[in-house]
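Colleague: Generate coordinates for the sequence data below:
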Amino acid sequence: MSKSKSLPKRNEVEKQFTWAIEDLYATDELWEKEYNKLKELLPKAESYRGTLSESAKALLEFLKLSDELGIMMERVYVYANQKYHEDTGNFVYQDLADKAGVLLVQVDSALSFATPEILTISEEKLEQFMAEEEGLKLYDFYFKNIMRRKPHVLSAEMEALLADAGEMASSPDNIYSKFNNADLKFPEIKDENGEKVRITHGRFVQLLESNDRRVREEAFKGLYEAYGSFKNTLATIFSSNLKQELFFTKARNYGSNLERALDDSNVPVEVYTNLIEAVHDNMHLMHRYVSLRKKLLGVDELHMYDIYAPLVKDVKMDIPFEEAKKLVSEGLMPLGEEYQKILQEGFNNRWIDIYENENKRSGAYSWGAYGTHPYVLLNYNGSLDNVFTLAHEMGHAIHSYYSDKVQPYVYAGYKIFVAEVASTCNEAILINHMLKNTEDKMQKAYLINHFLDKFKGTLYRQTMFAEFEMITHKMVEEGQSLTAETLCKIYHDLNVAYYGNDIVIDPELDMEWARIPHFYNAFYVYQYATGYSAAIALSRRILQEGKPAVDDYIRFLSSGSSNYPIELLKEAGVDMSTKEPVNQALKLFEELLDQMEELMFD
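Modeller: You can find the predicted model right below:
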């Protein structure tokens with residue numbers, strides 16, 4: 001599907017290009033039936049209130065029911081939201097997604113008494129319960145993790161109150177999502193051929209990759225000026241989100257929003273600050289990359305709208321989706337026969353929603369519900385970057401596939417900290433395959449540039465985002481005001497620090513903070529950078545050692561949340577409690593810079 005001037009409506013997209021959402025529910029009526037069943041089960045869950053410490057039998061019965069409710073809630077929530085993401089302007093699925101969101105809060109509220117009650121059971125009594133009921137042994141790590149967080153768990157009444165506040169707390173995210181995906185419209189510009197094309201979320205980077213600098217500049221200014229016209233509203237939404245985070249931080253007795261966000265995965269705050277420090281220690285490499293880009297583009301002034309411009313002029317890759325699948329399959333051969341079989345199952349059985357349509361959610365993700373296969377949302381446009389997005393999201397999907405297959409529900413969902421490892425490992429293995437099988441000097445330079453851009457976009461840029469979050473959350477914690485002007489100033493200064501003196505930090509870019517949806521999931525983005533560093537280390541081991549490394553890696557993918565993420569990565573051979581993985585990844589970045597300079601200036 002080529003870039004068209006107008007996007008198709010959802011009902012105009014051929015079925016073969018859409019995900020098999022019917023594998024979750026064949027009809028909306030079946031969704032409604034399970035939705036109602038779930039609501040009917042909530043009083044049964046509530047009936048266990050006050051009984052969990054009385055007997056091993058009662059505790060096991062409740063935990064089994066809680067798992068059943070969780071599995072059903074996942075299906076209900078995922079279906080409603082994925083249908084909404086197909087067309088965010090569809091009122092039917094807006095309503096279903098809203099209903100699912102409300103029900104999720106009700107389920108959380110109905111189950112909220114469990115953790116406080118379990119905390120009243122002594123560790124000795126829990127051991128006795130597990131001896132009495134064999135089925136409770138499954139929950140041993142679950143119990144240990146609850147005990148670890150005892151200082152931050154409140155009374156049953158307070159936990160219920162916080163759970164009830166969940167719907168209100170999600171309002172900034174919901175408001176931003178509807179604004180960004182359904183209401184915000186960008187202008188039309190003329191493309192390289194002088195034909196009108198509307199800027200969209202899905203097309204934006206593609207337009208910035210244009211060889212025509214006028215197209216890049218107009219796309220850049222058109223998008224950010226659209227955000228800028230709502231800057232005060234967006235600043236208010238952003239600030240409100242940080243304030244609701246602070247409410248829960250204070251309620252749960254944490255020292256900061258950062259500490260609370262990281263504690264869910266038992267990740268020390270030092271991992272976050274170590275990442276920022278390691279990147280700052282290697283900032284000269286990013287500045288060197290920017291200088292190389294300016295030199296290769298041959299411009300007097302390098303602007304932020306030039307940051308995606310192709311550096312290798314005579315190579316252009318326009319890769320149809322079928323060819324992309326073949327490239328990804330061949331590239332991931334080092335991960336073994338079983339991994340390939342799962343990959344092909346996803347390709348051949350409509351796990352993927354492929355192309356952009358009108359009002360479709362922007363970006364890409366992998367998602368799904370326990371008990372069914374994962375799903376992948378793409379907005380595929382044929383670029384090399386989109387090929388790597390396919391590999392990336394299938395990495396997430398196969399991670400979920402393994403985790404769901406091996407782990408019981410209570411441990412199936414892996415933590416966000418390790419979520420980006422499998423996806424980025426796929427990208428690193430794929431680029432290695434493509435470089436190894438490319439003889440053409442300019443095509444090799446094109447691929448190296450793509451790899452350099454990944455480092456720039458993932459390790460450096462996501463760390464800059466992480467630093468922006470750290471600064472802004474701290475300001476809210478200290479009672480400072482976050483106006484549009486303040487946010488733009490912070491963001492501008494960070495861009496100056498990260499990109500250096502050889503680029504003009506255009507004023508329009510000061511609004512970029514307003515287009516990052518991940519900021520509404522506090523302290524998420526740093527994990528792209530840590531995950532990237534871990535993935536580089538794992539991919540190099542797989543390519544060097546073969547089967548033993550692959551076996552360790554598959555065990556990691558199959559581990560879910562059966563241990564803390566830092567420990568799971570250590571077992572796979574990467575210690576993220578140190579700066580070493582980040583430093584090693586940036587050492588590879590330096591080597592790639594050397595290769596690029598040698599190819600282009602030889």
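Colleague: Could you chop the chain up by domain?
Modeller: Following automatic domain parsing, one finds the domains of the chain at 10-169, 238-315+415-602.
Colleague: Identify whichever of those domains lies nearest to Ile199.
Modeller: domain 238-315+415-602 (11.9 Å; CB to CB). C-betas here are computed from N, CA, C, even on glycine.
Colleague: Show the end-to-end separation of the closest one, please.
Modeller: From its first residue to its last, domain 238-315+415-602 covers 48 Å (CA to CA, to the nearest Å).
Colleague: where are the low-confidence patches of the chain?
Modeller: Within the chain, the ranges that satisfy pLDDT under 70 run 1-5.
Colleague: can you give me the strands for it?
Modeller: For the chain, the strands defined by DSSP state E cover 188-190, 196-198, 352-353, 365-367, 375-377.
Colleague: how about CSV for the domains of the chain, with distance to Ala226 and mean neighbour count added?
Modeller: Output for the domains of the chain, formatted as CSV (distance: least, CB to CB, whole Å; neighbours: other CB atoms under 10 Å):
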stretch, distance to Ala226, mean neighbour count
domain 10-169, 17, 17
domain 238-315+415-602, 9, 19
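Colleague: wait, which of the ones you listed is closest to Ile398?
Modeller: Judging the domains of the chain by CB to CB, what sits closest to Ile398 is domain 238-315+415-602, at 6.8 Å.
Colleague: follow-up on the earlier one: could I get the domains of the chain in a markdown table, plus columns for distance to Gly222?
Modeller: Below are the domains of the chain laid out as a markdown table (distance: least, CB to CB, whole Å):
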| stretch | distance to Gly222 |
| --- | --- |
| domain 10-169 | 21 |
| domain 238-315+415-602 | 9 |
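Colleague: Would you tell me which of those domains gets closest to Glu225?
Modeller: domain 238-315+415-602 (6.4 Å).
Colleague: Distance from the chain centre to that closest one, please.
Modeller: Domain 238-315+415-602 has its C-alpha centroid displaced from the chain centroid by 12 Å (CA atoms, centre = their mean, to the nearest Å).
Colleague: Can you report how many residues lie near Gly228?
Modeller: Neighbours of Gly228 under the rule other CB atoms under 10 Å: 17.
Colleague: and the gap between it and Pro507?
Modeller: Here Gly228 is placed at a distance of 9 Å from Pro507 (CB to CB, to the nearest Å).
Colleague: now Val574
Modeller: 40 Å.
Colleague: how about the nearest residue to Met596, chain neighbours excluded?
Modeller: Excluding the flanking residues, the one nearest Met596 by CB to CB, 6 or more residues apart in numbering is Ile448, at 5.0 Å.
Colleague: Excluding chain neighbours, give the residue nearest to Tyr77 in space.
Modeller: Ala100 (4.6 Å).
Colleague: what about the helices in the stretch 101-250 of the chain?
Modeller: 114-119, 123-132, 140-148, 156-164, 166-169, 171-178, 201-208, 213-228, 231-251 (DSSP state H, counting those that start in this stretch).
Colleague: residues in contact with the second one?
Modeller: The contact list for helix 123-132, computed with CB atoms under 8 Å, 6 or more residues apart in numbering, reads 53, 55-56, 59, 118, 121, 136-137, 140, 143, 147.
Colleague: Out of those, which comes closest to Leu390?
Modeller: Looking across the contacts of helix 123-132 and measuring by CB to CB, the closest to Leu390 is Asp140, at 38.5 Å.
Colleague: so Val269 touches Ala261, yeah?
Modeller: No. The criterion here is CB atoms under 8 Å, and Val269 misses it with Ala261 at 9.6 Å.
Colleague: In contact with Val550, which residues are there?
Modeller: So Val550 contacts 334-336, 339, 542 (CB under 8 Å, 6+ apart).
Colleague: Name the nearest of those relative to Pro310.
Modeller: After measuring the contacts of Val550 against Pro310 - CB to CB - the closest member comes out as Pro334, at 28.4 Å.
Colleague: Let me see the contact set for that closest one.
Modeller: The contact partners of Pro334, taken as CB under 8 Å, 6+ apart, are 429, 433, 542-543, 546, 550.
Colleague: Identify the single longest helix in the protein, thanks.
Modeller: For the chain, the longest helix by residue count, based on DSSP state H, is helix 56-86.
Colleague: That helix: how far from the chain's middle?
Modeller: 22 Å.
Colleague: One more: stretch 36-46?
Modeller: With CA atoms, centre = their mean, you get 31 Å for stretch 36-46.
Colleague: Which residues does that stretch contact?
Modeller: 62, 65-66, 68-69, 72-73, 76, 103, 106-107, 110-111.
Colleague: if you set the cut-off to 7 Å instead, what comes out?
Modeller: Under the criterion CB atoms under 7 Å, 6 or more residues apart in numbering, residues 65-66, 69, 72-73, 76, 103, 106-107, 110-111 lie in contact with stretch 36-46.
Colleague: Also stretch 488-498?
Modeller: Counting by CB under 7 Å, 6+ apart, 283, 286, 460, 464, 467-468, 471-472, 505, 509-513 sit against stretch 488-498.
Colleague: Go again with 10 Å.
Modeller: 228, 231, 235, 279-280, 283, 286-287, 290, 304, 456, 460-461, 463-465, 467-468, 471-472, 475, 482-483, 503, 505-507, 509-514, 516 (CB atoms under 10 Å, 6 or more residues apart in numbering).
Colleague: Kindly report the same for stretch 471-486.
Modeller: 228, 230-236, 238-243, 245-246, 249-250, 255-258, 261, 487, 489-491, 493-494, 510-511, 513-514, 519, 522-523.
Colleague: Ser210 and Lys190 touch, don't they?
Modeller: No. Using CB atoms under 10 Å, Ser210 makes no contact with Lys190, being 11.1 Å away.
Colleague: quick one: which of those two has more around it?
Modeller: Per other CB under 10 Å, whichever of Ser210 and Lys190 has more neighbours is Ser210, with 19 against 13.
Colleague: Which residue is the nearest non-sequential neighbour of the more buried one?
Modeller: Nearest to Ser210 is Arg216, by CB to CB, 6+ apart, at 5.4 Å.
Colleague: What's the separation between that neighbour and Gln206?
Modeller: From Arg216 to Gln206 the distance is 11 Å (CB to CB).
Colleague: that older thread, among the strands of the chain, which is nearest Lys221?
Modeller: Comparing those by CB to CB, strand 188-190 comes nearest, at 9.2 Å.
Colleague: Counting by contacts, list what the closest one packs against.
Modeller: strand 196-198, helix 213-228 (3 or more CB pairs under 10 Å, 6 or more residues apart in numbering; DSSP states H and E).
Colleague: And the last one, what's buried?
Modeller: Taking 16 or more other CB atoms under 10 Å as the basis for neighbour counts, the residues of helix 213-228 that come out buried are 215-224, 226-228.
Colleague: for the helices and strands packed on strand 188-190, which one sits closest to Thr389?
Modeller: Of all the helices and strands packed on strand 188-190, helix 213-228 comes closest under CB to CB, at 19.2 Å.
Colleague: now the angle from that closest one to helix 201-208?
Modeller: Inter-element angle recorded for helix 213-228 and helix 201-208: 140 degrees (by axes from the mean of the first three to the mean of the last three CA atoms, to 10 degrees).
Colleague: Packing partners of helix 213-228?
Modeller: Using 3+ CB pairs under 10 Å, 6+ apart, helix 213-228 is in contact with strand 188-190, strand 196-198, helix 201-208.
Colleague: Show me how far the second one is from its chain's centre.
Modeller: The one in question is strand 196-198. 29 Å.
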